[in-house]
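>>> kindly return the folded structure for what I paste below:
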Amino acid sequence: MYWLLQGVGWGAVFIIGTVPVLFDPVLSPGLLQSQLAFQLGYSLSGLILSHLLRVVVVNHLARVVSWLAFALWMLPWTLALAALLSLSGVVVTLLLYARYPQISNPYVPGISFAEVAARLTIDIPLMVIWVGFYLGIRAYRQTRMDSLERARLKAALSEAELRTLKAQLDPHFLFNSLNSLRALISESDVRAREAVTRLADLLRSTLDASRLSAVSLADEWATTQNYLHIEHLRRGTRLRWRSHFDQDTMKCQMPPLVLQGLVENALKHGLDRRESGGEIDIRGKLRGDVLELTVTNPGRLELGNSGAGVGLANARSRLSLVFGPGASLRLSQDDGGMVVAEVHIPQARSSEASQRV
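Numbers count the residues shown, from 1 in each chain. Reported below is the predicted structural model:
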């Protein structure tokens, strides 16, 4: 891109200088040839000198403290190379005089100081314009690269945070399941074997889900059912549940283990604090393009502790990381002595979220 723009820019300088010469009817073929040679030499000198200026800029950019200081530092370089460009015009003219001693034409510059000064009035603005274009294009490309780098860094940090949250969640869930299984071993071999089968299925689905940032509600509900059956083997009639999901919700996307985490929270902070246990009500519906999940259990929400628990904190973080600020998780206390957990998950980003690993 740099050399393409260099060729276009200095090619335009060559064309602008030769157009008046080509259409001058009084020039002889020899004079026309000399003028074309002068414009070609001048344009090539400009290309070489501007490239030298680029080398100076690139080598100094890494040490830039402020753009004002950089501009002041570049000023003498720009003036010096503009003077060299004017001097190159003089050198080309001398070569042309040597080749064509009979030249006497207003298009061929003289060698006087006044003529050199006149050329400087053209060459200095020309080099300043070149520096402005070069720095502008470089700043634009650098801004784009910085923006892309920030986006990559943000994505990498989000993925790292997401993996960290999963690493916190999976052992927490596994320890609870193993505790449930340990309690069953001394009670019933049949129930213990059933619990092992359920736990194996549950861990298999959990490991599969851990590689994704989002899973379907159908898969999440299957995982949650395995968890409920494992807990039911230990709690018996103290744990009851009912569920209802609208048919169009089962393909909706959500972070893995969020629903299971809400059910676990309902057991730990709700049913386990009641001697008689209770019933968990789990529902899902699609309102517009937002999946709404509710988990309701008997209990009391402690004031100032609505977001307590590692599981809920992780669920909120993963919802935000995967589905953006439109996703939310809220706990509330209704008038009937029930705690309600509500999750809203926008589905507009579900295709992107389901492919993130």
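>>> okay, and for the stretch 151-300 of the chain, where does confidence drop off?
By pLDDT under 70, the weakly predicted segments of the stretch 151-300 of the chain are 153, 155-173, 176-177, 180, 188, 206, 208-210.
>>> how about a cut-off of 80?
Along the stretch 151-300 of the chain, the parts satisfying pLDDT under 80 run over 151-192, 194-195, 202-213, 233-235.
>>> can you show me the strands along it?
Along the stretch 151-300 of the chain, the segments classed as strands by DSSP state E, counting those that start in this stretch run 215-216, 239-245, 253-254, 278-287, 290-298.
>>> closest one to residue 55 among those?
Taking C-beta to C-beta, strand 253-254 is the member of those nearest to residue 55, at 52.5 Å. Just so you know, the C-beta spots here come from the backbone N, C-alpha and C atoms, and that holds for glycine as well.
>>> who are the packing partners of that closest one?
Applying 3 or more C-beta pairs under 8 Å, 6 or more residues apart in numbering; DSSP states H and E, one finds that strand 253-254 contacts strand 215-216, helix 217-235, strand 290-298, strand 338-346, helix 350-355.
>>> ok, and what's touching the third one?
Pointing back at strand 290-298 there. With contacts defined as C-beta atoms under 8 Å, 6 or more residues apart in numbering, strand 290-298 is touched by 217, 249, 252-254, 259, 262-263, 265-267, 270-271, 274, 278-286, 326, 337-347.
>>> dump the strands of the stretch 151-300 of the chain into TSV; add distance to residue 58 as well.
Shown next, in TSV, are the strands of the stretch 151-300 of the chain (distance: least, C-beta to C-beta, whole Å):
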stretch	distance to residue 58
strand 215-216	49
strand 239-245	61
strand 253-254	47
strand 278-287	56
strand 290-298	51
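>>> so how far is whatever helix or strand residue 55 lives in off the chain centroid?
If you go by DSSP states H and E, residue 55 is part of helix 29-61. Centre-to-centre, helix 29-61 and its host chain are 41 Å apart (C-alpha atoms, centre = their mean, to the nearest Å).
>>> could you do stretch 318-334 as well?
The chain centroid and the centroid of stretch 318-334 are separated by 22 Å, computed with C-alpha atoms, centre = their mean.
>>> what comes up buried for that stretch?
For stretch 318-334, burial by neighbour count (16 or more other C-beta atoms under 10 Å) applies to 318, 319, 320, 321, 322, 323, 327, 329, 331.
>>> sorry, back to before: starting from the helix holding residue 55, tell me the next helix or strand along the chain.
Using DSSP H and E, the helix or strand that follows helix 29-61 in sequence is helix 67-99.
>>> domains of the protein: list them as residue ranges, please.
2-150, 187-355 (automatic domain parsing).
>>> just these: most buried one?
With neighbours defined as mean count of other C-beta atoms under 10 Å, the domains of the chain peak in mean count at domain 187-355, which reaches a mean of 18.
>>> shouldn't residue 123 be within a helix?
Yes - under DSSP: H, G, I helix; E, B strand; the rest coil, residue 123 sits within a helix.
>>> center of the protein - which residue?
residue 151 (2.2 Å; C-alpha atoms, centre = their mean).
>>> from residue 214, how far off is it?
According to C-beta to C-beta, to the nearest Å, residue 151 stands 20 Å off from residue 214.
>>> got it, and residue 296?
In terms of C-beta to C-beta, residue 296 sits 24 Å off from residue 214.
>>> ditto for residue 123
Distance from residue 123 to residue 214, by C-beta to C-beta: 61 Å.
>>> could you do residue 226 as well?
Residue 226 is 19 Å from residue 214, where distance means C-beta to C-beta.
>>> how about residue 19?
Separation of residue 19 from residue 214 (C-beta to C-beta): 63 Å.
>>> closest to residue 49 out of the strands of the stretch 151-300 of the chain?
Of all these, strand 253-254 sits nearest to residue 49, with 59.1 Å by C-beta to C-beta.
>>> can you list the strands that that closest one pairs with?
strand 215-216 (antiparallel) (DSSP bridges).
>>> quick one on the thing from earlier: which among the strands of the stretch 151-300 of the chain is found nearest to residue 185?
Among these, strand 239-245 comes nearest to residue 185, with 19.1 Å by C-beta to C-beta.
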